[in-house]
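1. coordinates only, no sequence provided:
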Ligand code: FCB
């Protein structure tokens, strides 16, 4: 990891940082934020970090950290009109950012879908509607043509698990639909969208490395009892393997057969072939693990997190990171891997213009070592992105949880590099 070829970067997502709502169509997160009791601090993305206006300074900030790459996402409702054409104003905004990154010698890792579905598509059923996958392909086609060769890497989707499960089954993310019968249907259309877009991206951007970003929360059994091990295995298939197995094996995990008929996705004959279109890289996001036990009334039961927790309540368990990577490497024939997100929410305090987030430095230190261990054990990892460049709108948690290595004062929009940001910079600049 300390060679110059290994890519170190920072990551953000459009809805979480941009603001600039007046210049784009509404998305499902605007609507979700406008509903009562969905966002902890009743906030929204109207201004966020005002990156829409501050992007030039923010690129300088990124550059000042010495990183090789910046992972950003494109707001679909900013670049495509309701009738499906390019919105040139929105396109120009991203072209300017991409050109500025190039000037600073920073590789652009572009994610096409980081959860901000145009609301007019949700009105037609969103990801429960198969047609949305084809709309995504059109968007991917138009935007990759418009961006030309400015993009080093495209990811089709960020964390389809979150879009499908949190958005359409658990209802804690936009669009806030609930019901077990929804999740796997939405997931199938998301994965189909990914496969359809891969064909287009490889045609339009053959020199870019194109793939997808998945999140994994490794599932552990609470103890060695057979039934608890089985429960954890089921949860792993339901939450994790469900999204990766179709990409590499062209099929869903066998638990598909155990799901009630009305909870299974509608799979057309060519779908699995489209979904398993080869990818140039796999993006992996890792934060924490979950612990499960058997529950006679359900497939599994998740237990509350214990041990050392971050400010968002997620257990700090870096050994799961190593094990995740080595086990995926054993299960699948993987392309090069990029860790596209890893990081921690901490209860930061800014004192005299300094944030001494030693707890976050510890988190990064432990996880970089865990990653290094996986690489030593033979996993082919090409890069690592810290989540996040700066504090931002943390979805259902609003602005209450801070994940940045740069602090944002939401009243003044002043950015202050935290101790973790300086530590990251130090690590990167001390490479051979
Ligand atoms: C991931 C999301 C990202 C951010 C982090 C904390 O699930 O991709 O946008 O919210 O969690």
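-> The structure has been received and is ready for your questions. These numbers come from a predicted model, not from an experiment.

2. next, residue 44: phi, psi?
-> Backbone torsions of residue 44, given as degrees, to the nearest 10, read phi -150, psi -170.

3. surely it touches residue 31?
-> No: between residue 44 and residue 31 there is no contact under CB atoms under 8 Å: 9.9 Å. Every residue, glycine included, has its C-beta placed from N, CA and C.

4. give me the contacts around stretch 85-101.
-> Residues outside stretch 85-101 that contact it (CB atoms under 8 Å, 6 or more residues apart in numbering): 23-24, 52, 55-56, 59, 62, 70, 72, 74-75, 78-81, 107-108, 142-143, 146-147, 150-151.

5. restricted to strands, list these.
-> In strands, defined here by DSSP state E, the members of the contacts of stretch 85-101 are 70, 72, 107-108.

6. closest one of those residues to residue 183?
-> residue 72 (27.7 Å; CB to CB).

7. what bridges to the closest one?
-> residue 110 (DSSP bridges).

8. so what's it up against?
-> 11-14, 97, 108-111.

9. that older thread, residue 44 and residue 31: which has the busier surroundings?
-> Between residue 44 and residue 31, counting by other CB atoms under 10 Å, residue 44 is the more crowded of the two (21 against 18).

10. which non-adjacent residue is nearest the more buried one?
-> residue 33 (3.7 Å; CB to CB, 6 or more residues apart in numbering).

11. ok, the one you found touching residue 43?
-> Yes: using CB under 8 Å, residue 33 is in contact with residue 43, at 7.0 Å.

12. who's more crowded, these two?
-> residue 33 (21 against 17).

13. the more buried one belongs to a helix?
-> Yes: counting by DSSP: H, G, I helix; E, B strand; the rest coil, residue 33 falls inside a helix.

14. return the distance of it relative to residue 17.
-> Separation of residue 33 from residue 17 (CB to CB, to the nearest Å): 15 Å.

15. now swap in residue 142 and tell me
-> Distance from residue 142 to residue 17, by CB to CB: 23 Å.

16. quick one: which of those two has more around it?
-> residue 17 (27 against 18).

17. which residues touch the more buried one?
-> Taking CB under 8 Å, 6+ apart, we find residue 17 in contact with 48-49, 51, 390, 392-393.

18. how much space between it and residue 71?
-> Residue 17 is 12 Å from residue 71, by CB to CB.

19. pLDDT score for residue 255?
-> Model confidence at residue 255, expressed as pLDDT, equals 98.

20. double-check that it belongs to a strand.
-> No: Residue 255: not assigned to a strand; according to three-state DSSP it is helix.

21. that one contacts residue 238, correct?
-> Yes: in this structure, residue 255 is within contact of residue 238 by CB under 8 Å, at 6.4 Å.

22. any residues in contact with both of the two?
-> With contacts taken as CB under 8 Å, 6+ apart, residue 255 and residue 238 have residue 299 as neighbours in common.

23. between those two, which one's more packed in?
-> residue 238 (20 against 16).

24. check the secondary structure at that one for me.
-> helix.

25. need the contact list for it.
-> Contacts for residue 238 (CB under 8 Å, 6+ apart) come out as 253, 255, 299-300.

26. distance of it from residue 184?
-> For residue 238, the distance to residue 184 - CB to CB - is 9 Å.

27. show me which residues of this protein sit near the ligand.
-> Taking CB under 6 Å from any ligand atom as the criterion, the neighbours of the ligand within the chain are 13, 16, 158-159, 162, 215, 285, 341, 387, 394-395, 403.

28. list of residues touching stretch 51-60?
-> 12, 17-20, 23, 49, 70, 93, 96-97, 100-101, 104, 106, 389-390, 413, 415.

29. name the helices or strands packed onto whichever helix or strand residue 202 is part of?
-> Using DSSP states H and E, residue 202 maps to helix 180-204. Other elements packing on helix 180-204 under the criterion 3 or more CB pairs under 8 Å, 6 or more residues apart in numbering; DSSP states H and E are helix 131-147, strand 153-158, helix 160-161, helix 167-168, strand 209-216, helix 242-249, helix 271-275.

30. looking at the ones you listed, which is nearest to residue 360?
-> Closest of the helices and strands packed on helix 180-204 to residue 360 is strand 209-216, at 19.4 Å (criterion: CB to CB).

31. paired strands for the helix or strand following the closest one, with orientation please.
-> Using DSSP H and E, the helix or strand that directly follows strand 209-216 along the chain is strand 219-221. With DSSP bridges as the test, strand 219-221 is paired with strand 290-293 (parallel).

32. centre of the chain to the strand it pairs with, how far?
-> Strand 290-293 sits 23 Å away from the centroid of its parent chain (CA atoms, centre = their mean, to the nearest Å).

33. list the contacts of it.
-> Strand 290-293 has contacts (CB under 8 Å, 6+ apart) with 217-223, 227-228, 231-232, 235, 239, 300-303, 305-306.

34. in ChimeraX, select just the buried ones from those.
-> Burial among those is assessed by 16 or more other CB atoms under 10 Å; the matching ChimeraX selection reads:
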select :217,218,219,220,221,228,231,232,235,239,300,301,302,305
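
35. how many residues are close by residue 427?
-> Residues near residue 427, counting by other CB under 10 Å, number 16.

36. still on that earlier bit, may I see the contacts of residue 72 arranged in a markdown table, with pLDDT and neighbour count as well?
-> A markdown table is the format used below for these (pLDDT from 0 to 100; neighbours: other CB atoms under 10 Å):
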| residue | pLDDT | neighbour count |
| --- | --- | --- |
| 11 | 99 | 27 |
| 12 | 99 | 27 |
| 13 | 99 | 24 |
| 14 | 99 | 29 |
| 97 | 99 | 21 |
| 108 | 99 | 23 |
| 109 | 99 | 28 |
| 110 | 99 | 24 |
| 111 | 99 | 25 |
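
37. with these in mind, which one is nearest to residue 314?
-> So of those, ranked by how close each gets to residue 314 (CB to CB), first place is residue 11, at 17.2 Å.

38. from residue 87, how far off is the closest one?
-> For residue 11, the distance to residue 87 equals 24 Å [CB to CB].

39. okay, now the unreliable bits of the protein?
-> Applying pLDDT under 70 to the chain flags no residue at all.

40. and residue 253, what is it in contact with?
-> 237-238, 241-242, 245.

41. tell me the buried residues within the contacts of stretch 85-101.
-> Buried residues within these, defined by neighbour count using 16+ other CB under 10 Å: 24, 52, 55, 59, 62, 70, 72, 74-75, 78-80, 107-108, 142-143, 146-147, 150-151.
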